[in-house]
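# Got a predicted structure plus its sequence, pasted below:
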Amino acid sequence: MPRWSRNRGAFQLQERSIIAEMWWDRFGIARNIFDSYSFYRQARNIWAFSNATLPKFSFEAVGLRMMNFKEKPWKPTTSALQVFGKYATRNFISLDEKEARCFLAGESQSQEGNVEPGYIVVFYKEEVLGCALYSKGILHSQLPKELRIGHEEEMKM
Amino acid sequence: MDHFQRYAQIIPDFDEFSSIQAQPLASSARINTLKTDRFSLLRRLDRANIAYRTLDWYPLGLLLEVERPGKMVEHMLGLIHIQEVVSMIPPIVLDPQPGQTVLDLCAAPGSKTSQISQLMNNQGLVVANEPSLSRITSLRANCERLGAINVAITRYDGRGFPDHQFDRVLVDAPCSGEGTSRKDSAVLNRCSVKRSLDLQALQLGLLSRAVSLLRSGGVLVYSTCTYAPEENEAVIDKVLENSKDSLMLENASIPGLKGCSGIAEWEGTVFREDLKRTVRYYPHQNDTGGFFIAKMVKE
């Protein structure tokens, strides 16, 4: 990736193919899935935006936050996986109901999966729940606190 | 409750209005068609044995018999958005089309913003403006969770929003919030004529700016969740007066939803004749919160 902007407020248009290539490399998502989106870089975040030209305003956010580069490897956001994760052909995992509840509660659990270490797409049935970090046989839920659903909730799913 | 006595002459069936104040509002939600469709979502609720009722006048509106709807999986997945029923009205009246450029001038927490985005099927541009940084957090989180990807967020004082021409502008104005009293009656402790007049100045500033940001032929919707005529008809009356006939009021009612026409006069001030095209919604009419809405088209 190019060097990071010093201007935190600036959203800079990125080459779509670079982003598409990164999602192909990690998740096997076909590059053309991203054809109708444009991507903007702001500080260490990449934002996905449906294709429209942007007026010359000062923006706080543009579309949805897609991924961040605060650490290596880059990390996909929950909201991005809920939109694009369903197209993943590798580094995804499907959970059963008990495991899904652990994931939704924000917990870690041991898990055997045919995935590489790093961030993976978490499915329950046909749906993408979000993102997990897979490391040494442990699946760490990356669900943001505000979206978590504790075990005490009477959950119907 | 005493505060509402000043509206005894303008609110029909005032006793019914008063008695419904003690009844809490049902939880309600909007089906988010950016991530699912009505059929799939209802089937999903049926399978999970979640009790709900649908709204007659809006196929995407639901009343949920759930204690904590914000903790539903469907909410976490962005398939539904917890939203007060009357708050679903402005985007329907605004009627944005895919591909248009739309401004939501007072956007947080983004219920109406994301509903606008869904009406546009994520095509075109929604500029969601919100001056408060802390409220931008909820605005952004809701848009992201709901997959509203054609929304760009700005943080301007709406009265000084930079020059641009929009096809649609929504001014869901800061208001005294009397219509939300079924949710939290404490809101009434802050209500007074003076406060409504202070808010009127802000509302006029926002609406005047909105008029200049609207392209010719564009649609402008103004809404509040309050009853005070100072913040409703009086604001529209002044803006129309200032616009020198460049703005036309259109009927803002929605088929199937009971409402009242805007009032003709208030405390000695007679409003323009066409203000009857604005609509007031009272809690006892549809078992909702209270609301006011006006729709204008620029020549």
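Great, that's in hand. Numbering: from 1, shown residues only, chains lettered A, B, ... in the order given.
# Which residues belonging to stretch B:193-210 are considered buried?
When burial is assessed from 16 or more other CB atoms under 10 Å in any protein chain shown, stretch B:193-210 yields the following buried residues: B:196, B:199, B:200, B:202, B:203, B:204, B:206, B:207, B:208, B:209, B:210. Glycine gets a C-beta too; all of them are placed from N, C-alpha and C.
# what distance separates that stretch from the middle of the whole chain?
Average the C-alpha atoms of stretch B:193-210, do the same for its chain, and the two points are 16 Å apart (CA atoms, centre = their mean, to the nearest Å).
# List the contacts of that stretch.
Outside stretch B:193-210, the residues within contact range by CB atoms under 8 Å, 6 or more residues apart in numbering or on different chains are B:6, B:103, B:105-106, B:158-161, B:169, B:171, B:173-176, B:220, B:222, B:224, B:226, B:228, B:230-231, B:234-236, B:238-239, B:242.
# related to what we said a few turns ago, okay if I get the buried residues of stretch B:193-210 as TSV plus secondary structure and pLDDT?
Listed next are the buried residues of stretch B:193-210 as TSV, based on DSSP: H, G, I helix; E, B strand; the rest coil; pLDDT from 0 to 100:
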residue	secondary structure	pLDDT
B:196	helix	97
B:199	helix	98
B:200	helix	98
B:202	helix	98
B:203	helix	98
B:204	helix	98
B:206	helix	98
B:207	helix	98
B:208	helix	97
B:209	helix	98
B:210	helix	98
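# any idea of the mean pLDDT for stretch A:121-141?
Taken as a whole, stretch A:121-141 has a mean pLDDT of 97.
# same thing with stretch B:223-238?
Per-residue confidence for stretch B:223-238 averages out to 98 on the pLDDT scale.
# so how far does that stretch reach from one end to the other?
The first residue of stretch B:223-238 is 15 Å away from its last residue (CA to CA, to the nearest Å).
# Also stretch B:63-82?
Start to finish, the residues bounding stretch B:63-82 are 10 Å apart (CA to CA).
# What residues of that stretch count as buried?
Of all the residues in stretch B:63-82, those buried under the rule 16+ other CB under 10 Å are B:63-64, B:66, B:69, B:71-82.
# Ok, stretch B:84-98 next?
Buried residues in stretch B:84-98, counted by 16+ other CB under 10 Å: B:84, B:85, B:86, B:87, B:88, B:89, B:90, B:91, B:92, B:93, B:94, B:96.
# likewise stretch B:211-220?
Within stretch B:211-220, the residues that qualify as buried by neighbour count (16+ other CB under 10 Å) are B:211, B:213, B:214, B:218, B:219, B:220.
# Point out where chain A drops to low pLDDT.
Screening chain A residue by residue with the criterion pLDDT under 70, one finds the ranges A:1-9.
# For the stretch 51-200 of chain B, which segments count as strands?
Under the criterion DSSP state E, counting those that start in this stretch, strands of the stretch 51-200 of chain B are mapped to B:52-54, B:61-64, B:80-82, B:101-104, B:125-129, B:151-154, B:166-172.
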